[in-house]
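Trainee: got a predicted structure here, sequence first:
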Amino acid sequence: MKFELNKRDDQSKARAGLITTDHGQIETPIFMPVGTAATVKTIHQRELKNDINPDVILGNTYHLYLRPQVEILEAAGGLHKFMNWDRNLLTDSGGYQVYSLSANRKIKEEGVKFKSHIDGSYHVFSPENVMEIQRSIGADIIMAFDECTPYPCDYNYAKRSMHMTHRWLDRCIEHLNKVPLKYDYDQTLFPIVQGSTYKDLRKQSAEYIANAGAEGNAIGGLSVGEPAEEMYEMAEIVCDILPEDKPRYLMGVGTPINILENIALGVDMFDCVMPTRNARNGMLFTAHGTINIKNKKWENDFSPIDDMAMTFVDTEYSKAYLKHLFTSNEYLGKQIASIHNLGFYMWLVRESRKHILAGDFRQWKDKMVKQMEKRL
């Protein structure tokens, strides 16, 4: 993987860059739609490519390991071929999913024993076998195994967890060097910064991760319930330490406003289930604010969903039609809303890039944040 820094914003820490892997280029800042179980929910790959057009999407190691299982993915030739996706893929390590199974897992130095949410069977994730699983899945960018701490988190627990994550990283790197590639393209490992919302721990962790010398770095353990201002403070501390010539990925973030504010702090890559999850419940993100399409006020509104960030579905369908689909509980409503929200997120990061390159990102970002705070 290669990373080229194209432009730094003069009035913030925002950057425009270009990641190149064996599956193509990724223009940053970038939002990665979440394809948890080898699918972005409700979205056909054809719509992903033609209408939303992301350079990279994300898969989940925990879910793919349990179903369809590693053997089937290997037989298919890896996740790219299994899901018919010829662009970039990124997989997380499963650390966050294991964290979310707090009642059904035990964390030890060796790894994590957890109970499957599907059939109750027991499994173990360790730094070593998570590297092997991600080799078999075959994503272009893979994550080191880490522990994601909850919020709020006791300082001593956060400190112990952070140091264990660092030791796990060393084991990931050592083992990955022993496991050959499964397919005819390269893979790049991103370590993950932890440390909860404690400044000194975030600094220690960022320094440790920076010294690992990886081709890119991730920031984990945020967007887990902490106030947005604490998220921004931690992200800024970490971005000031992580190397400038490597991409920075803030995991699991977030709202459109979260994304713009973190771009301004120097983050390059984002993912979140919010655009598709909220879409399925009738919440739409637009350049003018958020819409609850289930509200009666939209039943006679024949205008596009968003007249500024126009997506494919905005030119085809009106608010009134989409409100009717949700009222009628038609699956097409969830699909249209999901395509719109993902299209909007892609528009947002691509407009961010344009304004970074043009030199007026800060002014544009401040204007957009005020607009998007509104409930329409």
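Mentor: Looks like it arrived, so ask away. Numbers count the residues shown, from 1 in each chain.

Trainee: strands of the stretch 101-250 of the chain, start to end?
Mentor: 105-108, 111-115, 122-125, 141-143, 188-190, 192-193, 217-219, 248-250 (DSSP state E, counting those that start in this stretch).

Trainee: pull the distance from the longest helix seen in the chain to the chain's centre.
Mentor: In the chain, ranked by residue count with DSSP state H as the criterion, the top helix is helix 331-358. Centroid separation between helix 331-358 and its chain, computed with C-alpha atoms, centre = their mean, to the nearest Å, is 14 Å.

Trainee: enumerate the positions of it that are buried.
Mentor: 333-353, 355-356 (16 or more other C-beta atoms under 10 Å). Glycine gets a C-beta too; all of them are placed from N, C-alpha and C.

Trainee: swap in stretch 369-376?
Mentor: Buried residues in stretch 369-376 (16+ other C-beta under 10 Å): M372.

Trainee: can you give me the end-to-end distance of it?
Mentor: Using C-alpha to C-alpha, to the nearest Å, one end of stretch 369-376 lies 14 Å from the other.

Trainee: what sits up against it?
Mentor: For stretch 369-376, contacts defined as C-beta atoms under 8 Å, 6 or more residues apart in numbering pick out P256, I257, L260, E261, F285, T286, A287, H288, G289, T290, I291, N292.

Trainee: could you do stretch 7-14 as well?
Mentor: For stretch 7-14, using C-beta under 8 Å, 6+ apart, the contacting residues are 15-16, 29, 236, 239, 263-266, 352, 356-357, 359, 361-363, 365.

Trainee: which of the residues you listed fall in helices?
Mentor: If you go by DSSP H, these have E236, C239, I263, S352, I356, L357, F361, R362, Q363, K365 in helices.

Trainee: return the member of the residues you listed nearest to Y65.
Mentor: Nearest to Y65 out of the ones in helices among the contacts of stretch 7-14 is C239 (C-beta to C-beta; 31.1 Å).

Trainee: check which residues of the worst-scoring helix or strand of the chain on mean pLDDT are buried.
Mentor: Every helix and strand in the chain was compared by mean pLDDT, DSSP states H and E; the lowest is helix 95-100, with a mean of 72. Residues of helix 95-100 classed as buried: G95, Y96, Q97, V98, Y99 (neighbour count, 16+ other C-beta under 10 Å).

Trainee: stretch 295-314 too?
Mentor: W298, D301, P304, I305, D306, A309, T311, F312, V313, D314.

Trainee: over to the residue positioned nearest the centre of the chain: give its phi and psi.
Mentor: In the chain, the centroid-proximal residue (C-alpha atoms, centre = their mean) is D271; its distance is 1.8 Å. Backbone torsions of D271, given as degrees, to the nearest 10, read phi -150, psi 150.

Trainee: tell me if I'm right that it and M251 touch.
Mentor: Yes: counting by C-beta atoms under 8 Å, M251 is a contact partner of D271 at 6.7 Å.

Trainee: in the stretch 1-150 of the chain, where is pLDDT below threshold?
Mentor: 99, 102-103 (pLDDT under 70).

Trainee: now with 80?
Mentor: By pLDDT under 80, the weakly predicted segments of the stretch 1-150 of the chain are 95-104.

Trainee: all the helices of it, residue numbers only.
Mentor: Using DSSP state H, counting those that start in this stretch, the helices assigned to the stretch 1-150 of the chain run over residues 45-47, 61-66, 70-76, 79-82, 95-100, 127-137.

Trainee: try the stretch 201-350 of the chain
Mentor: 228-239, 256-263, 274-280, 312-316, 319-327, 331-358.

Trainee: those helices into a markdown table, with extra columns for mean pLDDT?
Mentor: Converted to a markdown table, the helices of the stretch 201-350 of the chain look like this (pLDDT from 0 to 100):
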| stretch | mean pLDDT |
| --- | --- |
| helix 228-239 | 98 |
| helix 256-263 | 98 |
| helix 274-280 | 98 |
| helix 312-316 | 89 |
| helix 319-327 | 98 |
| helix 331-358 | 97 |
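
Trainee: let me see the domain layout of this protein.
Mentor: 29-272, 279-372 (automatic domain parsing).

Trainee: want to throw these into TSV with distance to K7?
Mentor: Shown next, in TSV, are these (distance: least, C-beta to C-beta, whole Å):
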stretch	distance to K7
domain 29-272	11
domain 279-372	5
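
Trainee: and of the ones you listed, who's closest to E4?
Mentor: domain 29-272 (8.9 Å).
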